[in-house]
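[1] Output the structure for:
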Amino acid sequence: MSRAPSFVGVILAAGESSRMGRDKALLDWRGQSFLEATLELLAPHTQLSIVVAGKNAESLAPIVYAKAGFLIVNQRPELGQFSSLQVGLQEVLNRGRDAAVVALVDRPPCDSATVERLLGEFAEAYVKGQWAVVPEYGGKHGHPFVVGREMIEAFLRAPATSSAREVEHSLVDRILYLTVADPRVAVNVDTPEDYARLTTA
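    Alright, predicted model coming up:
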């Protein structure tokens with residue numbers, strides 16, 4: 001990029017949360033839903049935020065609009081999370097932007113300082129030929145991650161049957177894996193038991 005990238009927040013929220021039994025986007029986190037908290041996290045660091053919803057679009061819309069976000073719908077959410085990623089990243093390009101901070105809605109947000117560090121590292125890594133910065137904690141890769149135009153286009157070129165991990169592994173030399181001191185980048189909340197452990201920790 002010859003100029004400073006214009007970052008868009010992309011929040012993937014189209015999952016059916018079948019193992020949880022209720023929409024994980026609406027789970028409470030310190031007095032807010034996961035979705036509200038994630039929108040607030042990204043707001044200071046991005047020009048706008050896009051939430052990719054599925055069959056839950058109607059229930060998420062009031063939250064998204066109240067936080068000045070934009071809602072788009074993945075018409076084929078049954079294809080899985082990678083399809084939502086492609087829908088969201090295509091919208092980033094459609095809006096004339098060239099970089100994104102991609103977050104998942106099914107977990108508590110990380111610290112704001114972590115996002116700030118990811119963006120700072122991305123600015124330095126990009127001029128050295130790297131296309132993405134992925135946080136790592138305890139040996140696990142996490143979210144949110146930051147991608148530039150080249151990585152966005154690589155995700156969009158991949159077949160719908162692919163996965164983010166497959167694309168990532170094919171371009172590992174273009175990715176900076178950044179160790180952070182923020183355990184929430186690698187937290188998974190898939191079941192009521194996971195959520196109970198999170199809220200009682």
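
[2] going forward, measure contacts and count neighbours with C-alpha atoms only.
    OK.

[3] check contacts around Val167.
    Ala154, Phe155, Ala158 (Cα atoms under 8 Å, 6 or more residues apart in numbering).

[4] how close does the last one get to Glu166?
    In this structure, Ala158 and Glu166 are 9 Å apart, going by Cα to Cα, to the nearest Å.

[5] So between those two, which is more surrounded?
    Counted by other Cα atoms under 10 Å, Ala158 and Glu166 do not tie: Ala158 has more neighbours, with 15 against 12.

[6] Excluding sequence neighbours, find me the nearest residue to that one.
    Distance criterion Cα to Cα, 6 or more residues apart in numbering; nearest residue to Ala158, sequence neighbours excluded, is Val167 at 7.2 Å.

[7] Leu60 too?
    Per Cα to Cα, 6+ apart, closest to Leu60 is Ala53, 7.6 Å.

[8] ditto for His141
    Pro135 (5.9 Å).

[9] which residues touch the helix or strand that the one you found is a member of?
    Using DSSP states H and E, the element containing Pro135 is strand 132-137. Strand 132-137 is touched from outside by 118, 121-122, 125-126, 141-148, 151, 174-183, 185-186, with contacts defined as Cα under 8 Å, 6+ apart.

[10] Only whichever of those residues are buried, select them in ChimeraX.
    In ChimeraX syntax, the buried subset of the contacts of strand 132-137 is picked out as below (16 or more other Cα atoms under 10 Å):
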select :118,121,122,125,126,141,142,143,144,145,146,147,148,151,174,175,176,177,178,180,182,185,186
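
[11] So Trp126 versus Glu136, what's the distance?
    Residue 126: Tyr, not Trp. Distance from Tyr126 to Glu136, by Cα to Cα: 18 Å.

[12] whoops, I mixed them up, Thr114
    Distance from Thr114 to Glu136, counting by Cα to Cα: 11 Å.

[13] ok, those two, which is more surrounded?
    Glu136 (21 against 17).

[14] ok, and the closest non-adjacent residue to the more buried one?
    Thr179 (4.6 Å).

[15] Would you map the helices across the protein?
    34-42, 57-66, 81-94, 112-126, 149-157, 164-170, 192-200 (DSSP state H).

[16] about what we covered before: could you list which of the contacts of strand 132-137 belong to strands?
    Residues of the contacts of strand 132-137 located in strands (DSSP state E): His141, Phe145, Val146, Val147, Gly148, Ile175, Leu176, Tyr177, Leu178, Thr179.
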